[in-house]
Each structure stands twice: as structure tokens, then as C-alpha cells.
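S.K.: can you look at this prediction? I've put the sequence above it.
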Amino acid sequence: MKPMIVILKDGTDSNQGKNQVVSNISACLAVSEAIRTTLGPRGMDKLIVDNRGTATISNDGATILKLLEIIHPAARTLVDIAKSQDAEVGDGTTSVVLITAEILKNAKSFIEDGMHPTIIIRAIRKATALTIKKIKEVAVTIKSDDDKEQRVLLEKCARTTLSSKLIARQREFFAKMVVDAVLMLDELLPLNMIGVKKVTGGSLEESRLVSGVAFKKTFSYAGFEMQQKKYTNPKIAILNIELELKAERDNAEVRLDNVVEYQKIVDAEWSILYDKLDTLHKAGVTVVLSKLPIGDVATQYFADRDMFCAGRVQEDDLKRTQKACGGAIITTVENLNNQSQQVLGTCEIFEEIQIGSERYNCFTGCPKAKTATMILRGGAEQFIDEVERSLHDAIMIVRRAVKNDSIVAGGGAIEMALSRHLREYSRTIPGKEQLILAAYAKAFEVIPRQLCENAGFDATNILNKLRQKHAENNIWFGVDIMHEDVTDNFIAAVWEPAVVKINAITAASEAACLILSVDETIKVPKSAAETSNAAKAMNMG
Amino acid sequence: MPSVGTLAFDEFGRPVLILRGQESKKRLFGIEAHKSHILAGKAVADTLKTSLGPRGMDKCMVSPDGDITITNDGATILSMMHVENEIGKLLVQLSKSQDDEIGDGTTGVVVLAGALLEQAEALLDKGIHPIRIADGYELAAKVALDHLDKIAESYPLDLKNLDPLVNTAMTTLGSKIINRCQRQMAEIAVNAIMNVVDMERRDVNFELIKVQGKVGGRLEDTMLVKGVVVDKTFAHPQMPKEVRNAKIAILTCPFEPPKPKTKHKLDITNVEDYKKLREYEKEKFTEMIKSIKDAGANLVICQWGFDDEANHLLLSQELPAVRWVGGPEIELIAIATGGRIVPRFQELTADKLGFAGHVYELDFGTTSEHMLCIEQCKKSNTCTIFVRGGNKMVVEEAKRALHDALCVVRNLVRDNRIVYGGGACEISCAIEVAKEANKIATIEQYAIRAFADALESVPLALAENSGYSPIKTVADVKSAQIAQNNPSLGIDCLNTGTNDMKSQLVIETLIGKRQQISLATQLVRMILKIDDIRLPGESEE
């Protein structure tokens, strides 16, 4: 360790100039180092424990970066692009960070050689535009007129995404499930119409897809067990009303001066509740759901009249039910009568089913919006959490692929093709940009190289084979993880939607430009205590 | 500085802070991480190893507040051990999810997972990629599961002849502390299930079976009450101790003058008003009792209390009453007696009463403790298992053991295929998996072979716990299985002279075994996939 020279006083921290750019790049490289090994089917997972002791096991770049609590300002950019990739396309969060880091790494030597960052930035912008054009050029469009063909396409895309996840072995099973779920949705493919519920226990293959809404049985009062648990074509009332005997106003006080009034007050309170219940019953409602608690009196009232009720239903579940079954969230029962049936929802079958050791309320055959619920099973909690994250990625990819049916081959194939294209192009232009374009082209090779390294292959060897194949114009050749070789990944059905790559490359380039263009950081310390901590940390380091 | 998080240095050699609190965070990476996981997993599994089988030993756990638990139920031990290590926690969850889903085999699943990890360590030392090990394990698990299906036998499920079911329950109970009265307990469990079983849906609703414990008496005094047992007595000592043909009013409203929930204040300014209030209260009491009388009830069960005045009134009206009965019990009583829970006296009518043929107080020895038994109910598909035992620990352990037995019987009702226990099916699978291993061309072959070895850990542990020389015994059984082609040969734990589990009637459910293997494999895959752990450091003071 080099001796430390304290230059700055306590207080504002400012760095400037070329060194600052280089230092920012180093920070980004260090971050990318952290998630490097998660890429690809042989990628590893990370176990991160936060300060509260909750453990997360993940292979998802965005999740890991979020949990690392990165405070370095430049490195935070990487977290942000991973997040935006996650929000935009859902998958490829690791690749986007890797590509950014690689572009920066290649740019670093130019910076050190004294090239001005703006020149580099301009060249990167140009290269990005070229890359995007090339992707669009080579992407293969699969006709989506035929439902069957589209399905095959979607399943292949989902499978590629899942192959790097914990559930890689079950990817056939889950790819089918994800595609089923997405295809159940309507035109807009709203993500929040796919609910994911987790029940520990059971094996992964016991996970299932419910074509409708399902949620866990809510807390119930005595009397609940006597309610009927299965209805066909029920009338569903979705309430935002508390059905409980309680003080109407918390801070009100009733003053009485004689006993007769006393009884009236009691009766009045009861009748407030009973009126509500009666209206519901008279409107022919059979299933009552409420966001607010449903008390024991109401539970028993409903049990008595063969109605089902569930109180304290989670808000998003309630909203999904409302969207699926129709009707509206009712905030008062005043106007509920036989004429106003449109506020009540319905579905084909409502029933309570047992899943593992949990009971679920299940609404199937919903008329209004199309919705699906995935019920995931698996050994440990962290396990299911990771399955959920993986499926989220797959769902996003499938949604993208439904809208946008052009695809490219994964497994490093498209990256190699782009790299070659850019390198060839760079030779045709004079000036400094040539160098940078070539460096940018080289950056793409990080994906196949990392895939090989994670799988324990000889990366240089495989990369050379790939370059040779691509030079012969076999644009879809990528890494074959299973056989430690190269293969045509288009035939091997390692497919990714083109839009994922476009987005990843755009985001990566922009982030790289952003980091390169910063040449000064001025950091104002929050408080004296924190400064001393930071200083202490520096001394320790 | 290998154990510190990601570090980057700027041009002066100063460390750049990238992560929050990075200097205190711990990080394990690569092979070291794998080794530490495996060590942790093995340590947990080793704790449980000695609890396996009929000769398994118990563990005594003392909680922070001095409560003692003695058990050999894997899930219970692990949950009370308060495992701190993250990988250890995963194993705890593993046994919990086996418990939730199957209810039995919670020790076996952890032992198997531990053995798989142990085998993986050797493979890692050979330099095999962790994911390839995991892949191999999954291939092997598939072979093992297919083989289990093949050797599974369909089991006679006959409502008239319960013996076969009793035998299965006995296998489960064999390893528990209560194996002294194994047969009796097994019969109780089977009868309880048969009482509530829904043969059409092939399902059992566990909420209809209640397991109650009371310290005192002998284990042999444990009995099955086809009805409900409530730890309450009649409200007044002079009320009759026995009611035949009881018509029960089930109330969830207090036996007192009604009170408004809203804050209120009753101004009493003169004696006359005060008298009026007294009159009013008295009137209310008589009104309540009258409504009960009118409905024709001759027993009152109340969720809330009532004061001495009401108590006295009830006595004088010859209405036996029980107070402070908890919500779940009220519900059970209502379901059993076919009554309705009544939230308000005004709602009480004759058709809402429940009916029970015999309600009586149960006395215990010399202590003046009583319990209320409600038997011969109208819809008598609820039942209560009433566990007695010398001390609290025994009663608690007996309850857990009965829970396991109930689960096993339920599983048989759901799926009546069985395999033979005593390590027989594990050995048989091990043979099959080892055979398959040689047919695989890739590196996975080693992992598959290791899986076969790991499967043998269960019979090895069984033999060891039974005091045999483990390796010799297992080798003998294995060769006998191959020679006779008989998958029902296992470890003769009880020294009965035969290795044939079929004749010893050591039977386990197929779904339980399948679950064990698939859960353990999944978990091991998850652990093997982690190559990077980040832990928060000690919080800075």
C-alpha cells in the first residue's frame, strides 16, 4: 500500500481533471467486477446479507447492484442503468453493466494517453448509432400471424432468459408457464395483471398457473369455517368499508342523561352495521371482499346467509380482482340495490383451494380483463424469491417479444457479429475515431469472453474460433456452453428479442459517455461526523 | 485484504469508497465461499444425523427464557436452534417446507442435503465446475425419482380395514419418544383422519382435528374424542356436570347489558335515575335469558365472560353455561354441533342451536382440573385428540409426533402409493443411480455417482444410530438387494432378524420420499450456485 497523503482538509471533497476521469473509471470497473461472474448459464449467484440480516440470493444484475449499496457517485450510474434496463426490458441487466465497464476500460488508455474525452464521446455516439443500425439489419423477424409459431418463438425467448437462472433445469416448464400467462393478458399486456404468489414447500414442478385471480386466505374470525367455500357465478362486492361494530367517530362522545336513550344508542350502533349487511345481502351479493377488516359479527352474519367474506385483502389483489371480475370498489353501500348491479363483479367459479399448507381464494373464468396468477412452490424462501425474480425477467422478455417480433441469437453471437461489423467499418475512416471505434468493437467481445470464463472454458481459444466463424460470415455463431465449443445459436434456439440488445447497448453507451464527460466531482460532506468516518476509512484503507 | 469488499484505488493509491460501509463488510469469494457453505451445511446436518430412525436420539433445547423442549423432530430442532449462518438458515427452511408440505421426514431431508454437500466438496476439489455438479445432481435426482415411481407399490386404502394405515403411522411414530404406545397412537391418528376425511376429494381438512394436551396421567391415557374438548368448565360450580341431548346456544356477545362502542357518558343526577338504570340492567339480563329459553336451548357457550350476577341468574334458570371459550373453539363447536354462531341475542332462534348428544366435564385425578367434552355431535366430523403424559415435555413431543403421524396418513389418503422405509428405497435408488451414472459421457457422471453415494447416507445414519457397523451393514443390504432384486430390503434397526421391510411393515409414503429428494437437490443446487457472499460487518458503535 502506498503511503497516504492527506491533501484535503476536512470539508468539501473535490477532485478534478484527467485523474478524476480515470478514478471514476476504476470505480466502475470495480463494480462490474462484482457481478461479472453472474453472466450466462454457468453464471454464479451472490448471497448478500443486508444490515438487518435478511439474506438475498440472486443472479439478477439489477438486484445485486441495488443491494450492494453503492455510494460512489460515478459507480452509481451503473446501478441506474441496470435499473433502467430492468424497468425497460427486464432482462440483460448484467450485460449492460459489463458492456459499460468494458467500453470504459478500453477508453481508459486513450484518456491516459491524453485524448480529450469529448472526442471519445463523439466516437462512441457514432459507434452506437452504427451498432443499432446493424442489429436492426440482421435481426430476424418471425411472423406472428400464426399463433403456433409465435408461441414457439416466445417459448424460445423465455427459455434463453431462464437458462442462466436458478431454475435452468426447469426452464421448459416455466417457459411454457410464462408464455401461457402473458398470452392470457389483453392487448396492452399490463404487467400488474400477472400476480405472483409464493408458497414455500413442494417442488418447483408443483408451481401452477391460475387463469384468474388468486390470493391467500385472509385473517378470519369465528364463523368463517361455516361459510360456503365454492360458488359458481357469484356476485362479488369489492368494498372499502369496515364491516365491524365499532365507534363511528373516534373522538366523539355521547352524553346521555337518561336510561331510555342509552338503549337507543346501542340499537343505533347495531343498526348502522346491520343496515350495511342487509343491503349487501339484499343486493344478492355472494362474495364480499374488503380492504378493511370484516369483523366477527359480519362474518357470522354472512355465514348465516350462505355468503363468503374476506377482510383485509391486500390492495393490489383487490385491484386485480376488481379489474378481472368487473365491478367497482364500493365505498358505501347506501346506493346498492337491485338496479345498481353493475358495481358488482362476477366470475365463473370462485373457490377456496388448499396449496401446501396455505389456503387460497381463487377466482377463475373472469369476464372483464384477462389476468393470470402464478403460484410458485419451492423449498426455501430465498429460493422462491429468486424464482420470482427470474420469472419476472422472463415475463418481461416475452412481453417484449410479443410486441416486437424481431429476434437475434444470444450466447455472444450477436455481440461477435456487431464487433466484426464495427471493426471493419473503423478501417474505412481516418482519424482518431478509428481507434476508438475499434476499441468499442472490442468491448462487445466481453460478453462471449465472460460466458466462457464463467463456464470454465479457455476464453481465448473459443473467442478465436468465434472470430474465425464470423469472418466467414456465419453471423449467428456463439458460445456453446454445453459442449465447450462454438455453434450456430440461431439453430440452437438461443434467442433474444432484438429490442433487449438495442436497449442494452444504448444504455451502456450513454452511461459510458456520461462517466467520461465528468471531470470534476465536488462532494459536500453531510455532517462533521460523517467526514471523520470517511477520513478514518481512508486511513484504514 | 481478501475479506474486504470491492476496493478501487485512485492515482494516489487512496482507496475510493464505492460501497456504503465497505471497510466493515465481509466478503467471501470463489472456492472459499463454496467451502464455507459446505462446512456450514454439513455442521447443521451433522446435528440432526443422530436423530434419524427408531433408535435416533433426542435433543434437548433450552430457549433463552428457560423453556425446555425435548424432541427428535428435525424441523422443530432446527427452528429452535436459532441458526445464524445464512446457509444454515436455508437448511432450516428446507426442513420447514418439508414439514409444511408432508409433515414427516424433516430429519431425512436435511441429512440428505448435508450428504450431497459433502460429496460436492470432494468434486470441487477435483476441479469440477459447481454448476456442472448441480446439473449432475439434478439428472441423478430425476433418475432416482423415476426409480421411486417404479418401485412404489399401491397401497390398499379401505375404510373398513384400517390396519395397513395404522402400520404406516407406526413407522412414523417408531422414531419418536412415544413409541412405547406406538400402536395405540397410530390407531388414534388413523381414526382421527378417518373421521374427517373427505373421500371424494381425497383430502383432509386438518382444522377439524384438534390436538390438545394436558400434563398428568400416562401416555396410555391419550384418547380420541369424537367431538370437541375445551379447556373450560361450567361457569358455576353448582351447574350440572353433564348435559344430555344438549341444545347449544353459541354466543359471541357478552352476557351483560349492551354498551355503545362510541365513547359515552351517562349523567345520573338523582337516585331515581340510578334505580332506573338498575332496573334497566336487570331487565336486560332477564330478557337475554328469556331469549335463550325461548329458543329452546339448554346449554350456553359464550365467547365472552359474564359477571356473577348473570351467572347466578343462569343457574337459577337452570341454564348451564360456559364462558370465555376461545374463537377457534367456538368455531369448532359450531361446526361439530351444526349450530350457528350468534352475534346478538336478537338473532337467536331455535334453528340456530347446535345439538350434541352428550356434554360432560372430564375430571383429572386428584387435581381439581376439569375439561369440557362435547360428544355425539350432530355433524360429528370434528374430533379432538387428547394427549396425556407425565410432564410438559412429553406431552409436547407427543403432540408433535401425532402431527407427523396425522400428516402421513393424510398423505396416504391423497396418494396411496408407498415405498419401503428403513433406508430400503434409498439404497435401491442409489443402486439405480450408480448404474445410470456409467452411461453418461460428460463430467456430470462424477456428480451422479456422488449423488448415489449421498443417497446412502440415510441408511448409513440409520445403521449407525442403531448401533451397527454402518458400512458393513449397508454393504450387506446393498448386495442382498442386487442379488435378490428386491427393493424392499433395508436396515433392520430394531434387530428383529429380518431385513425385509415388507414383512417388518416399515412403510413410507411415496410423495414424502419424492419431496425429500427433490427439495434437497434443489437446495443444494442453490447453495452450489453461490460464489460470492457479502455480509455486513459489525455495526460501528
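M.R.: Yep, that arrived.
S.K.: contact residues of the stretch 201-350 of chain A facing chain B?
M.R.: Within the stretch 201-350 of chain A, the residues that sit near chain B (C-beta under 8 Å from any C-beta of the partner chain) are A:201-205, A:221-226, A:245-249, A:251-259, A:262-263, A:265-266, A:268-270, A:296-297, A:300-301, A:303-304. C-beta coordinates here come from the backbone N, C-alpha and C atoms, glycine included.
S.K.: buried subset of these, written for ChimeraX?
M.R.: Here is the ChimeraX command that selects only those of these that count as buried (16 or more other C-beta atoms under 10 Å in any protein chain shown):
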select /A:201,202,203,204,221,222,223,224,225,226,245,254,256,259,262,265,266,269,270,296,297,300,301,303,304
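S.K.: the stretch 151-300 of chain A: strands as residue ranges?
M.R.: A:194-200, A:208-210, A:212-216, A:230-232, A:235-239, A:253-256, A:287-290 (DSSP state E, counting those that start in this stretch).
S.K.: may I see the buried residues of the second one?
M.R.: The one in question is strand A:208-210. A:Leu209, A:Val210.
S.K.: identify the residues contacting it?
M.R.: A:Met177, A:Asp180, A:Ala181, A:Cys362, A:Thr364, A:Ala372, A:Thr373, A:Met374, A:Ile375 (C-beta atoms under 8 Å, 6 or more residues apart in numbering or on different chains).
S.K.: which among those are in contact with chain B?
M.R.: Okay, of these, nothing touches chain B (C-beta under 8 Å from any C-beta).
S.K.: can you put those in JSON lines and add distance to B:Arg132?
M.R.: Converted to JSON lines, the contacts of strand A:208-210 look like this (distance: C-beta to C-beta, whole Å):
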{"residue": "A:Met177", "distance to B:Arg132": "26"}
{"residue": "A:Asp180", "distance to B:Arg132": "31"}
{"residue": "A:Ala181", "distance to B:Arg132": "31"}
{"residue": "A:Cys362", "distance to B:Arg132": "40"}
{"residue": "A:Thr364", "distance to B:Arg132": "42"}
{"residue": "A:Ala372", "distance to B:Arg132": "35"}
{"residue": "A:Thr373", "distance to B:Arg132": "35"}
{"residue": "A:Met374", "distance to B:Arg132": "29"}
{"residue": "A:Ile375", "distance to B:Arg132": "31"}
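S.K.: reformat the residues you listed as a markdown table; add neighbour count, pLDDT and distance to B:Ser469.
M.R.: Formatted as a markdown table, the contacts of strand A:208-210 follow (neighbours: other C-beta atoms under 10 Å in any protein chain shown; pLDDT from 0 to 100; distance: C-beta to C-beta, whole Å):
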| residue | neighbour count | pLDDT | distance to B:Ser469 |
| --- | --- | --- | --- |
| A:Met177 | 21 | 90 | 49 |
| A:Asp180 | 17 | 88 | 54 |
| A:Ala181 | 25 | 87 | 55 |
| A:Cys362 | 21 | 88 | 54 |
| A:Thr364 | 16 | 85 | 58 |
| A:Ala372 | 25 | 85 | 56 |
| A:Thr373 | 26 | 88 | 54 |
| A:Met374 | 23 | 89 | 50 |
| A:Ile375 | 23 | 89 | 47 |
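S.K.: quick check, nearest of the residues you listed to chain B?
M.R.: Closest approach to chain B among the contacts of strand A:208-210 (C-beta to the nearest C-beta): A:Ile375, at 13.6 Å.
S.K.: which SS class is that closest one?
M.R.: strand (DSSP: H, G, I helix; E, B strand; the rest coil).
S.K.: hey, which of the strands of the stretch 151-300 of chain A is tucked in deepest?
M.R.: Mean neighbour count (mean count of other C-beta atoms under 10 Å in any protein chain shown) peaks for strand A:287-290 among the strands of the stretch 151-300 of chain A, with a mean of 26.
S.K.: name every strand pairing with that strand and say which way it goes.
M.R.: strand A:235-239 (parallel), strand A:308-310 (parallel) (DSSP bridges).
S.K.: and the contacts of stretch A:276-295?
M.R.: Contacts of stretch A:276-295 (C-beta under 8 Å, 6+ apart): A:221, A:231, A:234-246, A:298, A:301-302, A:305-313, A:315, A:318, A:321, A:329, A:333-334, A:336-338, A:340-341, A:344, A:350.
S.K.: ok, of those, which come out buried?
M.R.: A:221, A:231, A:234-239, A:241-245, A:298, A:301-302, A:307-311, A:313, A:318, A:321, A:329, A:333, A:336, A:344, A:350.
S.K.: kindly export stretch B:461-481 (C-alpha atoms) in PDB.
M.R.: What follows is stretch B:461-481, C-alpha atoms only, in PDB (Å, rounded to 0.1, in the frame of the first residue of the first chain):
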ATOM      1  CA  ALA B 461     -27.000 -43.000   9.600                       C
ATOM      2  CA  LEU B 462     -29.800 -45.400  10.400                       C
ATOM      3  CA  ALA B 463     -27.400 -48.200  10.900                       C
ATOM      4  CA  GLU B 464     -25.000 -46.100  12.900                       C
ATOM      5  CA  ASN B 465     -27.800 -44.900  15.200                       C
ATOM      6  CA  SER B 466     -28.900 -48.500  15.700                       C
ATOM      7  CA  GLY B 467     -25.500 -49.500  16.900                       C
ATOM      8  CA  TYR B 468     -24.400 -51.500  13.900                       C
ATOM      9  CA  SER B 469     -21.200 -51.100  12.000                       C
ATOM     10  CA  PRO B 470     -22.600 -48.800   9.400                       C
ATOM     11  CA  ILE B 471     -20.600 -49.500   6.300                       C
ATOM     12  CA  LYS B 472     -20.700 -53.300   6.700                       C
ATOM     13  CA  THR B 473     -24.500 -53.300   7.300                       C
ATOM     14  CA  VAL B 474     -25.200 -51.100   4.300                       C
ATOM     15  CA  ALA B 475     -22.900 -53.100   2.100                       C
ATOM     16  CA  ASP B 476     -24.600 -56.300   3.100                       C
ATOM     17  CA  VAL B 477     -28.100 -54.900   2.400                       C
ATOM     18  CA  LYS B 478     -27.000 -53.400  -0.800                       C
ATOM     19  CA  SER B 479     -25.500 -56.700  -2.100                       C
ATOM     20  CA  ALA B 480     -28.600 -58.500  -0.900                       C
ATOM     21  CA  GLN B 481     -30.800 -56.000  -2.800                       C
END
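S.K.: can you list the buried residues in stretch B:248-266?
M.R.: B:248-258, B:260-262, B:264.
S.K.: now B:Thr168: which helix or strand?
M.R.: helix B:163-174 (DSSP states H and E).
S.K.: so what touches that helix?
M.R.: Under C-beta under 8 Å, 6+ apart, the answer for helix B:163-174 is B:54, B:104, B:155-158, B:179, B:182-183, B:185-187, B:189-190, B:193-194, B:401, B:404-405, B:408-409, B:412, B:418, B:421, B:494, B:505-509.
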